[in-house]
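Asks: what shape does this take:
(chains A and B)
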Amino acid sequence: MAEIGHGGKEIKERILQPSEAKEKIKGLPQIPVRKQIANEIIGLTYGFFSPLEGFMGKADVDSVVKDMKLADGTIWSIPILFDLSEKEVADYGVEAGKPVVLTFQGNPMALFEVEEVFEYDKKAMCESVFGTSEEKHPGCKRTYEYNDKFIGGKVTLLKEPKINEPFGPYFLPPLKMRKIIKEKGWSKTVAHQTRNVPHTGHEWLMKGAFFQTYADSSIEKPEVGVVVNAIIGEKRVKDYIDEAIVLCQDELEKAGYFGPHNHLTSLTFWDMRYAGPKEAIFHAILRTNLGITHHMYGRDHAGVGDYYGAYEAHHLLDSVRDKLDITPVYSMNWLYCPICGEITSEGLCNHGDKQQKFSGTLIRSIVTDGVKPPRLIIRPEVFDKIMESAEKYGQGSPFVTEEYLEKRSPVFDIEPL
Amino acid sequence: MAGKNPIYIWINEERYDELEKAGLAKYTEERLAGLKVLVVHADDEQAKRCVNEFGAKHDTSTTGSIELLPREVKNKIYEKVVEKRTLDVVGDALAEL
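Replies: Next up is the predicted model:
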């Protein structure tokens, strides 16, 4: 039975068998790609970005920039682009109708059926997607760093990535994820988008969303699952290391604060754009394709600095609710109240100035010091896993450092055909 | 300088006992479900040293706190608090690193 994703389109993996792959690429020019593009090739070819089958052409880019839709009217918020310099286009002989091979780590990764070569106003793209054209916005910076020529066309994977330890069990592309959700018997699922190690504030965000999603479903057997979908992509110094993120999210389940009957950890390869509302829409699309029925959104989802209002993403989601196949679940913050004596919701506790809020700054400071906090703040098993991950993968730190960026093992490899 | 460029030194049970014996427990503040912290302050020059020499981050946009100081720097600051019986120790600690 066909698996239907975003926009009512069937999700299809675009992956060649190895023997077929070798034949198809004989004599074709080979163009090396950077990590961002490799991540997006995986997104395109496994159906994470369905209904996209390749890098966007000008008509789609223009329609996304102007109307937040693909040219065929399907809602879409962030252009997915392949870029080259004018010189590279000439040197590699890139032109419509002539396929090329995209390589990563020196090995063939994807067949790119070039359909067009075009230019696009990057400032206009920024204004539309990020609501600003300021270069200090990280999404704008990334956009301005694109080369000047964009290439549109379908991509097909030549070699499936080898997902390295410890990420393997968490790479669950759409068709695989949908199969798992069916096997677990979940009629509803709620996505928890994360780039963090979980403290109990996060844990309660997931628990709150679980109940919001459960709503009036039967309680005779487990009907709802929380699907943690960690975004694994470009890192900045001060982020948690990727290994700690996935292992600690999973540790909440392994340690029994959730269970396999209501929780699952997974990842998606994507470089955050910090596009706030437009990225919230993109996340809705991504998780729809993963087969997830609901999506948690807190305040200032996928935002950065003070570019976006706290509820701007919610408003944009509401404006296209009838065109999305996933239900937004809006999450209030959780905090510790010494009077309540528990982690409670800002929507419930009325002890105002007694409330102790979770702060990324304080949590990072506690973790840096290696001082185990009360289990009400970070579960001891999660804390131990943070420290273990720091030693094993982070050169002693659970946070990204220049040394980590230099020495880390790749999340995936593309091996020779 | 009061309130500027805070550095958070988190206090576990062992450290709290030590501070209590030294009569310094009064300097701790309670944050987050009973977890205790000593808050020391760096002047602007000291903050720059923390960033330039020890790879710390200075969160100038929100809390003004100095984050991601290596553990050995924080441990030295804590040792100096106990030794000197004051919170005004960042300069002394950095001088020995």
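
Asks: now residue 20, what are its backbone angles?
Replies: No chain in the question, so chain A it is. Phi and psi for A:Glu20, reported as degrees, to the nearest 10, are phi -70, psi -40.

Asks: my question was about chain B
Replies: When read as degrees, to the nearest 10, the backbone of B:Glu20 gives phi -60, psi -50.

Asks: and the gap between it and A:Pro338?
Replies: Between B:Glu20 and A:Pro338 the computed distance is 21 Å (Cβ to Cβ, to the nearest Å). Quick note: C-beta positions are derived from backbone N, CA and C, even for glycine.

Asks: over to A:Ile42?
Replies: Between A:Ile42 and A:Pro338 the computed distance is 46 Å (Cβ to Cβ).

Asks: so between these two, which is more surrounded?
Replies: Between A:Ile42 and A:Pro338, counted using other Cβ atoms under 10 Å in any protein chain shown, the more crowded position is A:Ile42 (26 against 14).

Asks: so which strand or helix has the more buried one?
Replies: For A:Ile42, the element it lies in under DSSP states H and E is helix A:35-45.

Asks: what average pLDDT does that helix get?
Replies: Throughout helix A:35-45, pLDDT has a mean value of 98.

Asks: do stretch B:5-16 as well
Replies: Averaged across stretch B:5-16, pLDDT comes to 92.

Asks: how about it and chain A, any contact?
Replies: Yes - contact of stretch B:5-16 with chain A (Cβ under 8 Å from any Cβ of the partner chain) involves B:8-12.

Asks: hmm, back to that, which helices and strands sit right next to the helix holding A:Ile42?
Replies: Packing partners of helix A:35-45 (3 or more Cβ pairs under 8 Å, 6 or more residues apart in numbering or on different chains; DSSP states H and E): strand A:54-55, strand A:100-104, strand A:107-118, strand A:149-157, strand A:263-269.

Asks: rerun that using 7 Å as the cut-off
Replies: strand A:107-118, strand A:149-157, strand A:263-269 (3 or more Cβ pairs under 7 Å, 6 or more residues apart in numbering or on different chains; DSSP states H and E).

Asks: could you dump the ones you listed to CSV with mean pLDDT?
Replies: Conversion of these to CSV gives the following (pLDDT from 0 to 100):
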stretch, mean pLDDT
strand A:107-118, 98
strand A:149-157, 98
strand A:263-269, 98
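
Asks: of all the ones you listed, which one is nearest A:Met1?
Replies: The closest of the helices and strands packed on helix A:35-45 to A:Met1 is strand A:263-269. By Cβ to Cβ, the value is 21.7 Å.

Asks: send over that closest one as CSV, restricted to the C-alpha atoms.
Replies: Presented in CSV, the C-alpha positions along strand A:263-269 are these (Å, rounded to 0.1, in the frame of the first residue of the first chain):
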residue,chain,number,x,y,z
HIS,A,263,8.5,6.7,22.9
LEU,A,264,11.0,6.5,20.1
THR,A,265,14.2,8.4,19.3
SER,A,266,15.2,9.2,15.7
LEU,A,267,17.2,11.7,13.7
THR,A,268,17.0,13.8,10.6
PHE,A,269,20.0,15.3,8.8
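
Asks: residues in contact with that strand?
Replies: Strand A:263-269 is touched from outside by A:39, A:42-43, A:48, A:167, A:170-172, A:177, A:180, A:225-233, A:246, A:249-250, A:253, A:286, with contacts defined as Cβ atoms under 7 Å, 6 or more residues apart in numbering or on different chains.

Asks: ok, stretch A:187-195 next?
Replies: Under the criterion Cβ under 7 Å, 6+ apart, residues A:181, A:206, A:209-210, A:213, A:217, A:223-231, A:239, A:245, A:249, A:283, A:287, A:292-296, A:329 lie in contact with stretch A:187-195.

Asks: looking at these, which are in strands?
Replies: With strands taken from DSSP state E, the overlap with the contacts of stretch A:187-195 comprises A:224-231, A:294-296, A:329.

Asks: follow-up on the earlier one: quick one, which of the residues of stretch B:5-16 next to chain A are buried?
Replies: Applying a neighbour-count criterion of 16 or more other Cβ atoms under 10 Å in any protein chain shown, the buried members of the residues of stretch B:5-16 next to chain A are B:8-11.

Asks: ok, the closest residue to chain B within the stretch 151-300 of chain A - contacts?
Replies: Nearest residue of the stretch 151-300 of chain A to chain B, counting by Cβ to the nearest Cβ: A:Lys238, 5.8 Å away. A:Lys238 is in contact with A:399-400, B:57, B:68, counting by Cβ under 7 Å, 6+ apart.

Asks: greatest separation within the residues you listed: which pair is it?
Replies: Spatially, the most separated pair among the contacts of A:Lys238 is A:Val400 and B:Lys57, at 11.4 Å (Cβ to Cβ).

Asks: can you list the buried ones among the residues of stretch B:5-16 next to chain A in CSV and add secondary structure?
Replies: Conversion of these to CSV gives the following (DSSP: H, G, I helix; E, B strand; the rest coil):
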residue, secondary structure
B:Tyr8, strand
B:Ile9, strand
B:Trp10, strand
B:Ile11, strand
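
Asks: now stretch A:228-237: mean pLDDT?
Replies: Within the predicted structure, the mean pLDDT of stretch A:228-237 is 94.

Asks: that stretch: end-to-end distance?
Replies: Between the start and the finish of stretch A:228-237 there is a gap of 23 Å, counting by Cα to Cα, to the nearest Å.

Asks: now do stretch A:252-262
Replies: In terms of Cα to Cα, the two terminal residues of stretch A:252-262 are separated by 12 Å.

Asks: then stretch B:63-77?
Replies: Criterion Cα to Cα; first-to-last residue distance in stretch B:63-77 is 20 Å.

Asks: wait, B:Arg71 touches A:Asp369, no?
Replies: Yes - in this structure, B:Arg71 sits in contact with A:Asp369. The criterion is Cβ atoms under 7 Å, and the distance is 6.3 Å.

Asks: okay, those two: which has more neighbours?
Replies: Set side by side, B:Arg71 and A:Asp369 show unequal neighbour counts under other Cβ under 10 Å, the larger going to A:Asp369 at 21 against 13.

Asks: and A:Ile180, what does it touch?
Replies: By Cβ under 7 Å, 6+ apart, the residues touching A:Ile180 are A:172, A:264.

Asks: per-residue pLDDT, it?
Replies: 98.

Asks: same thing with B:Leu69?
Replies: According to the model, B:Leu69 scores 89 on pLDDT.

Asks: picking that back up, could you pull up phi and psi at the residue of the stretch 151-300 of chain A closest to chain B?
Replies: Recorded main-chain torsions at A:Lys238 are phi 100, psi -20, according to degrees, to the nearest 10.

Asks: closest one to A:Asn196 out of the ones in strands among the contacts of stretch A:187-195, please.
Replies: Looking at those and their distance to A:Asn196, the nearest is A:Ala230, at 8.6 Å (Cβ to Cβ).

Asks: report how many residues lie close to A:Gly47.
Replies: A:Gly47 - counted by other Cβ under 10 Å - has 26 other residues nearby.

Asks: contacting residues around it?
Replies: When contacts are taken as Cβ under 7 Å, 6+ apart, A:Gly47 is in contact with A:5, A:11-13, A:173-175, A:289.
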